Each structure stands twice: as structure tokens, then as C-alpha cells.
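Give me coordinates for this.
(one chain, ligands or ions: 2)
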Amino acid sequence: MLAAYKALVDRGGRTPVDTMMEEAGTTDILETRRYILSRRIERAKNVRVRVLERRGLKCEGCGLEPIEHYRYEGPIKNIPLDVHHTKPIRELSEGETRRYQIPEDFLVLCPTCHRMIHKQKDEADIDLLKRSVSFFHSKKIPRQF
Ligand SMILES: [Zn+2]
Ligand SMILES: [Zn+2]
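Ligands and ions are numbered 1, 2, ... in the order given. Coordinates of the predicted model:
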């Protein structure tokens with residue numbers, strides 16, 4: 001499988017792997033593969049909504065609550081929050097499957113915190129992410145209507 005990825009990359013031009021590498025902020029093929037795996041788990045059918053329902057509709061990094069802070073009123077499945085997979089898949093070998101628990105192995109993050117946690121050396125370190133956040137969501141911004 002890795003050889004297949006490498007062949008794609010070596011062929012040149014834009015490939016999904018190029019895009020994944022760019023998004024993951026790495027040129028390392030193993031890092032990229034891990035990134036692809038974790039994104040796949042995060043997007044698995046039903047996982048997202050089940051995690052949101054169990055962990056709450058609030059970013060665990062910065063505290064953003066779309067319902068409170070944006071007056072979001074749509075269905076849970078469309079709420080602008082992501083789920084992030086925290087179980088290390090570092091040592092997972094090709095084709096190996098691993099059980100993961102809902103909601104214990106996931107975090108609810110807003111899109112910005114989600115991108116930031118993927119840039120950390122340890123993508124599971126929520127405390128590091130929280131320490132990095134230095135703003136509060138204001139309830140005092142005047143509404144225009
Ligand atoms: Zn956030
Ligand atoms: Zn993630």
C-alpha cells in the first residue's frame with residue numbers, strides 16, 4: 001500500500017496524496033497515511049453524530065458553542081463542529097483494525113481547533129491545545145438585527 005502511495009507521488013502532478021500531505025502539513029508518507037486513516041475514522045458513518053450527542057455540542061478546545069455563540073438552530077448532523085479521533089494509530093500496521101470507543105476516543109472540536117490539533121506533535125493532547133487558546137467567545141458583540 002505504501003508503495004502504491006509512493007508510486008502516485010512519484011508520478012508527479014496533483015494527487016489526493018499531495019492534497020492530504022498539504023492538509024497534514026507534512027511531506028512524510030507515514031504521517032500522511034496516519035492522517036488519511038484518522039480522517040477516515042472521523043468521517044465514518046454515524047460516528048460523528050453519536051460522538052456529538054454523547055460529548056456535547058461544544059468545542060472542547062476553545063469552548064465555542066454554535067447554538068449559543070452563533071444561534072445555530074439546525075439539526076445536529078449539520079452543526080459546524082468536527083469530531084477528532086485521539087487514539088494513537090501510529091503503530092497500526094497496514095490492514096490492521098483496531099477497536100475504538102464512542103465517545104471516549106474522540107473529541108468535539110470546532111473547525112479551527114481541529115486544524116490546530118492536527119498540527120501538534122501529539123494530536124491527542126487536548127491540554128496543549130487548550131493552553132494555546134488565548135481568546136474568549138464574547139457575548140458582548142452587538143447584534144446587527
Ligand atoms: Zn475551538
Ligand atoms: Zn482530527
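
Distance of the closest residue in space to residue 137 that isn't next to it in sequence relative to residue 106?
Nearest non-adjacent residue to residue 137, counting by C-beta to C-beta, 6 or more residues apart in numbering: residue 69, 5.0 Å away. (Each C-beta comes from the backbone N, C-alpha and C, glycine too.) Taking C-beta to C-beta, to the nearest Å as the measure, residue 69 falls 22 Å from residue 106.

Give me the secondary structure label for the closest residue to residue 65 other than its chain neighbours.
Distance criterion C-beta to C-beta, 6+ apart; nearest residue to residue 65, sequence neighbours excluded, is residue 58 at 4.7 Å. At residue 58 the chain is in coil, as set by DSSP: H, G, I helix; E, B strand; the rest coil.

neighbour-wise, which of residue 69 and residue 106 wins?
Shown here are residue 69 and residue 106; by other C-beta atoms under 10 Å, residue 106 has more neighbours (25 against 16).

show me the contacts for that one.
42, 47, 51, 55, 83, 84, 85, 86, 100 (C-beta atoms under 8 Å, 6 or more residues apart in numbering).

On the pLDDT front, check it for me.
At residue 106, the pLDDT value in this model is 94.

what separates it from ligand 1, distance-wise?
According to C-beta to the ion, to the nearest Å, residue 106 stands 15 Å off from ligand 1.

mind listing what the nearest residue in space to residue 124 that is not next to it in sequence touches?
The spatial neighbour of residue 124 that comes closest, neighbours along the chain excluded (C-beta to C-beta, 6+ apart), is residue 86 at 4.0 Å. Counting by C-beta under 8 Å, 6+ apart, residue 86 touches 105, 106, 107, 123, 124, 126.
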